[in-house]
Structure formats: C-alpha cells, structure tokens
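[1] I would like the atomic coordinates for the input below:
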Amino acid sequence: LAAAPLAVVLESSIRNDVGASLIHRELRSSLDLGWLEEFHHRAPALAKTLQPVRVSPAMVFANVDLWATGEWAIGDRALAAAAGVFLLVWILAQGGILTHLASPDLRFAWSSFLAGGGTYFFRFLRLAVVTGAAYYGIYRLAFRIFPAIERWARDVTSESRVLALHLAGLAAIALLMALVHLVADFARVATVREKRRSMLLALARGAMLVGRHPLTTLTVFITMLLLLGAVQVLYFWLAPGVGGASPVAVLLAFLVGQLYIVVRWALRIARYGAELSLFDSWSAPPRGSNPQS
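    Numbers count the residues shown, from 1 in each chain. This next block holds a predicted model:
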C-alpha cells in the first residue's frame, strides 16, 4: 500500500514513454536495456529506480547490499518519502503488536490493537529518532570505510584479499547495526512491560540487557536472520521473472511477492515474541524469593 502511489506514477511514465511505438512487444518478453537507458533520460527522476535487478527475484539480495552499505538512504526522494510514511505506520503497529504479545490471554481486536499503538506511538517515535541518529552515524562510518578499502586495494592483485576486506567491512557494519537494532527492540519491550515514559532510560535498560546477555540476544537475532535468508532464497527460486508477462504471470508474481512480505512480517513478530519472553525470564524474581520484598 505504501508503494502503490509510486507504482502508479512509474506505470504512467512507462505508458506515456512507450506511446504508440512497438517497443511494448519487446518489453512483454524481456527488459530492453537500450530502451531502459533512453527511458531514464526522458522520464522523471523516479524512473531511475527502474533497474534490471529490481524487476527480478535477485532484488531481495540487492536489498541486503543497499541496507548494509547505506546506499538506500541516498536514493530517490520520492522513495524516501514513501519509506517515511511506511515507517510511521510501522511505529504505530509496533505498539499494538507488543501490547498484544504482552497480554497473550487478551483476545485480539482491532480496537485494542490500535489503542496499544496509539498509547506508545509518540514514545516509539522518539525512540526511532534516537536510533535513527545511531544508524546515521554507522552509515557515515560505512561511507568512509568502503571508499578507503577501494583506495587501499587499487594495487592489490589478490582478489580474495580484496573480497575478504569488503566482507570484513560489511560484517563490522552489520554487527553495529544489529546491536543498535537489538538495543532498540529491548527498549520497546521494556517500555511496554515496565510502562516507561523516558526513552533514554528505556534505551539504557535495553543496552544493559544486551550487554548482560550478548550471546543469547545475538543468537535470537541471527536465528531470525537465517530464517529470513532461507525465505529470501526460496523467494528467489519461486518468484517469476519479467519474461512471459501474461495476466496470469503478473498475478502470480504479485501473489508470491505478497506471500513473501507476509512471511517477513511473521518473522518480525516472532522475533518480538522471543525478545519479550527473554525479557520476562530475565526480569522474573528468583525462585523462593518474596515478590513483595
């Protein structure tokens, strides 16, 4: 839904560019790279987001590279605006999800879900601003690390060494982002479980839990990441490409893509459930102790 308005604009640009020409015959079977280059020059800036990799199942892996290197943040402004709208909806949903998971005996209802989202929306929004600043700092570091690796590797003849350096840089950036992500997750859980209002104190609480249990928290995160990777590989195998764009093929591509998104959402919610269970186990009083003491 967040992407639909941009999809309509891009479809309109393609339709107007093709016009009465016969290039549509080629585009129905494959993506004509010559036409695509001319289309980028003639159409609005949003048209440059149409790339060969983005109309193939390999986009799920290209997304990982964009996320790790931070290149998504310097892309088209229209996409950034759509991402901002989606982020606001996701922040609202986070409050509802955690409220529901924190009360498993409570029957699900949209009224209680939206009430939970509204209760924690502005708190989670403040938390998103702080974590966004942390992500910005990590990306600034990435924008320095990878050009430095490229400059250093100009005279290196061993491709394996250059690859190892890039992978090491990606691993370092990914680890920093994972730590920020985990601290923010446990800060949200602490906000809901302990009814916190200060997001700085919630972040401190989340950082303390991650610092005390780094292996456990990273294991949960990496497990969910591996499951997501398996889903992405499955999507890569099952998703149809551009060729043979019949109405049935387009519908199939849409359904497979939506199923992939639903599974990703399920993994996100499952991660929140696991983190909530860990938080409760670490916060529970020891056996035999007096809870009132």
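
[2] so where's the stretch 101-250 of the chain uncertain?
    241-245 (pLDDT under 70).

[3] quick one, helices of the protein?
    Assigned by DSSP state H, the chain shows helices spanning 4-18, 23-27, 33-42, 59-69, 77-102, 110-152, 159-193, 199-212, 214-238, 247-283.

[4] phi, psi for residue 20 please.
    Note on residue 20: its backbone torsions stand at phi -90, psi 10 [degrees, to the nearest 10].

[5] for it, report the pLDDT, please.
    You'll see residue 20 listed with a pLDDT of 79.

[6] then residue 273?
    Model confidence at residue 273, given as pLDDT, is 94.

[7] need the contact list for it.
    Taking C-beta atoms under 8 Å, 6 or more residues apart in numbering, we find residue 273 in contact with residue 101. In this view, the C-beta of every residue, glycine as well, is placed from N, C-alpha and C.

[8] one more time with 10 Å, if that's ok
    Shown here is residue 273, whose contacts under the criterion C-beta atoms under 10 Å, 6 or more residues apart in numbering are 97, 98, 100, 101, 102, 104.

[9] same question for residue 9.
    Per C-beta under 10 Å, 6+ apart, neighbours of residue 9: 44, 46, 47, 78.

[10] which of the contacts of residue 273 are buried, as a ChimeraX select command?
    For the buried members of the contacts of residue 273, the matching ChimeraX selection, counting by 16 or more other C-beta atoms under 10 Å, is:
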select :97,98,100,101,102
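
[11] need the contacts of residue 273 in TSV with distance to residue 2, can you?
    Shown next, in TSV, are the contacts of residue 273 (distance: C-beta to C-beta, whole Å):
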residue	distance to residue 2
97	18
98	21
100	22
101	24
102	27
104	29
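
[12] circling back to that earlier point, out of the helices of the chain, which comes closest to residue 52?
    Ranking the helices of the chain by proximity to residue 52 (C-beta to C-beta) places helix 33-42 first, at 7.0 Å.

[13] give the buried residues for the closest one.
    Residues of helix 33-42 classed as buried by neighbour count (16+ other C-beta under 10 Å): 35, 36, 39.

[14] distance of the residue nearest to the first one when sequence neighbours are not counted relative to residue 50?
    This means residue 35. In this structure, residue 35 finds its nearest non-sequential neighbour in residue 23, 5.3 Å apart by C-beta to C-beta, 6 or more residues apart in numbering. Per C-beta to C-beta, to the nearest Å, residue 23 is found 14 Å from residue 50.

[15] again, but for residue 236
    Using C-beta to C-beta, which is the criterion applied here, residue 236 is 20 Å from residue 50.

[16] same question for residue 222.
    Distance of residue 222 to residue 50, computed by C-beta to C-beta: 34 Å.

[17] when those two are compared, which one has more neighbours?
    A count of neighbours by other C-beta atoms under 10 Å puts residue 50 above the other of residue 222 and residue 50, at 16 against 11.

[18] separation between the nearest residue to residue 202 once chain neighbours are set aside and residue 167?
    The spatially closest residue to residue 202, leaving aside those adjacent along the chain, is residue 187, at 4.1 Å (C-beta to C-beta, 6+ apart). Remark: distance between residue 187 and residue 167 (C-beta to C-beta) = 30 Å.

[19] quick one, which of these two is more surrounded?
    Taking other C-beta under 10 Å, residue 187 and residue 167 do not tie; residue 187 has more neighbours (26 against 10).

[20] these two touch, right, the more buried one and residue 98?
    No: using C-beta atoms under 10 Å, residue 187 is not in contact with residue 98; the gap is 11.1 Å.

[21] who touches both of the two?
    By C-beta under 10 Å, 6+ apart, the residues touching both residue 187 and residue 98 are residue 124.

[22] hmm, back to that, ok, so of the contacts of residue 273, who is nearest residue 266?
    residue 97 (11.4 Å).

[23] I'd assumed residue 117 was in contact with that closest one.
    Yes: under the criterion of C-beta under 10 Å, residue 97 makes contact with residue 117 at 8.2 Å.
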